[in-house]
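A.B. asks: give me the fold of what follows.
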Amino acid sequence: MRRRECIAVYIMASRRNGTLYIGVTSDLIGRTYQHKTSVVDGFTKKYGVHLLVWYEVHESMETAIHREKRLKKYTRAMKLALIEKMNPEWKDLYEEIVG
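C.D. replies: Numbering: from 1, shown residues only. Sure thing, here's the model as predicted:
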């Protein structure tokens, strides 16, 4: 992935089957780093949601936002299944995206 700017929908987790956060960004590396280092106060800092466990790259912000809204309506079981399909070991994918 190595591109600095990358439009993506992503899921962060506190741990396997833990607290989840779904977001959208135009800078997946930078935004993930912010979550991991808790530089911004908010949900992910409060609940220790620091692992990038799933992401999906999009061509436009419009399609990414549409997908994010759909994912937020998923049941918890559907979100877990989505993560398990891409990342069955729940590895932190941050190292993968920074290459």
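A.B. asks: where in the chain is pLDDT low?
C.D. replies: Residue ranges of the chain with pLDDT under 70: 1-5.
A.B. asks: pull the residues that contact the longest helix seen in the chain.
C.D. replies: Taking residue count as the measure and DSSP state H as the definition, the longest helix of the chain comes out as helix 61-73. Contacts of helix 61-73 with the rest of the structure, by Cβ atoms under 8 Å, 6 or more residues apart in numbering, involve 7-9, 11, 22-24, 26, 56, 58, 79, 82. In short, each C-beta sits where N, CA and C put it, glycine included.
A.B. asks: buried stuff in it?
C.D. replies: Going by neighbour count (16 or more other Cβ atoms under 10 Å), the buried part of helix 61-73 is 64, 67-68, 71.
A.B. asks: any residues touching the helix or strand following that helix, and which ones?
C.D. replies: Tracing the chain past helix 61-73, the next element assigned as helix or strand by DSSP states H and E is helix 76-86. Contact with helix 76-86 is made by 11, 13, 17, 20, 22, 53-54, 71, 74, 90, as judged by Cβ under 8 Å, 6+ apart.
A.B. asks: before we move on, the earlier item: from the chain's centre, how far out does the longest helix of the chain sit?
C.D. replies: Helix 61-73 has its C-alpha centroid displaced from the chain centroid by 12 Å (Cα atoms, centre = their mean, to the nearest Å).
A.B. asks: tilt between it and helix 76-86?
C.D. replies: Per axes from the mean of the first three to the mean of the last three Cα atoms, to 10 degrees, the angle that helix 61-73 makes with helix 76-86 is 120 degrees.
A.B. asks: now do the strands in the chain.
C.D. replies: Applying DSSP state E to the chain gives strands spanning 8-13, 20-25, 51-57.
A.B. asks: can you redo the ones you listed as JSON lines with distance to residue 86?
C.D. replies: Formatted as JSON lines, the strands of the chain follow (distance: least, Cβ to Cβ, whole Å):
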{"stretch": "strand 8-13", "distance to residue 86": "9"}
{"stretch": "strand 20-25", "distance to residue 86": "14"}
{"stretch": "strand 51-57", "distance to residue 86": "5"}
